[in-house]
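> Output the structure for:
(one chain, ligands or ions: 2)
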Amino acid sequence: MKNKNTLDHEIHLKALEVASRYLICTGELIEILQTLDARKTFRLYECTSLYRYAVTFLKLSEDVACNLIAIARKSALVPALKNNTDSGAISVSKARTLCAVLTPDNQSRWLDFAKTVSSKALQREVARVNPKAAVADKASYIAWDRLKLEMGVSEECMQKLRRVQDLESQRLKKAATFEDTLSAALDAYLEKFDPVKKAQRSFARKAKMESKSESELTSGVIFNALRLVSPRIKVPHSGPRKPKSAVLKHQLNLRDQARCTHEDGQGDRCESTRWLDTHHIVPVCDGGDNTFENLTTLCRAHHQMEHLKA
Ligand SMILES: [Zn+2]
Ligand SMILES: [Zn+2]
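Ligands and ions are numbered 1, 2, ... in the order given. All right, here's what the predicted structure looks like:
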């Protein structure tokens, strides 16, 4: 029977061997992420980003996906970063910290520094040089319906927040919290700039002209009213692309809710509500017009994927 020391030594050797394989696999994963990124292979698998692909197909946790993709992208610019993580000279966590400051010009100074100091000391120095990198934007659940929001802000941004907080306190007749303040500021922004709200307002005005009483104005009524006012806004195709009218833009925003309309194989609609383009279902070069029926809203990635298919 083996004595305790021999057994512990074997466990130790096994741990070293597993950790070394883990390091090799991490290096290989970073390398393949670089290739996937360069070739945009993830788009062939219905993913709009490398991050989405890494979480969905590679089953990486959100944090690991974020970290490895950041290192993969930085290593494409500064290959020495990956060489140092492959050899174990710099840990993955230090490599991630370095991503915020590393450039081809300063690489030897930062890489040497990272090898000689602790992770904490490296984070402190990176934050000193690049204060924006000290706090990453983050929203994490702390209860099923509540989140904790983390971000860094400039002094100027803080002053604006304080100003709105004063105004909101005045309006509420109580001391407004940051949450009250942010919520009020966001409501004001959405009221002014949200394309869906703008479309609803425009439709409501037109429906009112059609003598509907205010109480009857559901979005369905509003939408139909606009379609009656302007059933088909057709700009015949000839030569260069014609601009879309404001009414047509409102119609599209209300129908598509200013959200990508792409559906995957399971019929799940893309969640994207940013970087939106208007896509011609029948292309302009094939005589497709700026009509309500021929236009759809797509996010940038699905738009590009749609044109790659064509
Ligand atoms: Zn298009
Ligand atoms: Zn999309």
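> which SS state does whichever residue of the stretch 1-150 of the chain sits closest to ligand 2 fall under?
The stretch 1-150 of the chain approaches ligand 2 most closely through T48 (5.5 Å), counting by CB to the ion. (C-beta placed from N, C-alpha, C; glycine too.) When classified by DSSP: H, G, I helix; E, B strand; the rest coil, T48 comes out as coil.
> got a pLDDT number for it?
Here the pLDDT value assigned to T48 is 85.
> quick one, phi psi at L295?
Main-chain dihedrals, L295, degrees, to the nearest 10: phi -110, psi 140.
> is it true that it touches V282?
No - the pair L295 and V282 does not pass the contact test of CB atoms under 8 Å, sitting 10.0 Å apart.
> Looking at those two, which one has more neighbours?
L295 (20 against 13; other CB atoms under 10 Å).
> hey, what's the more buried one bridged with?
In this entry, L295 is beta-bridged to H280, by DSSP bridges.
> what does this protein have sitting close to ligand 2?
With CB under 5 Å from the ion as the criterion, the chain comes near ligand 2 at residues 260, 262, 270, 272, 299, 302.
> where exactly do the helices run in the chain?
With helices called from DSSP state H, the chain shows them at 4-39, 50-56, 62-77, 79-86, 92-98, 107-116, 119-129, 155-172, 178-193, 195-209, 219-229, 246-256, 300-309.
> Just name the most buried of these.
helix 92-98 (a mean of 21; mean count of other CB atoms under 10 Å).
> Any idea how far that helix is from the middle of the chain?
22 Å (CA atoms, centre = their mean, to the nearest Å).
> What's the mean pLDDT across that helix?
94.
> what's the answer for stretch 184-204, then?
Here stretch 184-204 scores 91 as its mean pLDDT.
> Over to that stretch now: how far is its first residue from its last?
Using CA to CA, to the nearest Å, one end of stretch 184-204 lies 24 Å from the other.
> where does this protein have low pLDDT?
Low-confidence segments of the chain (pLDDT under 70): 1-2, 211-242, 310.
> Show me it divided up by domain.
Per automatic domain parsing, the structural domains of the chain span 4-133, 153-193, 196-309.
> still on that earlier bit, so which of the helices of the chain comes closest to L147?
Of all the helices of the chain, helix 178-193 sits nearest to L147, with 10.5 Å by CB to CB.
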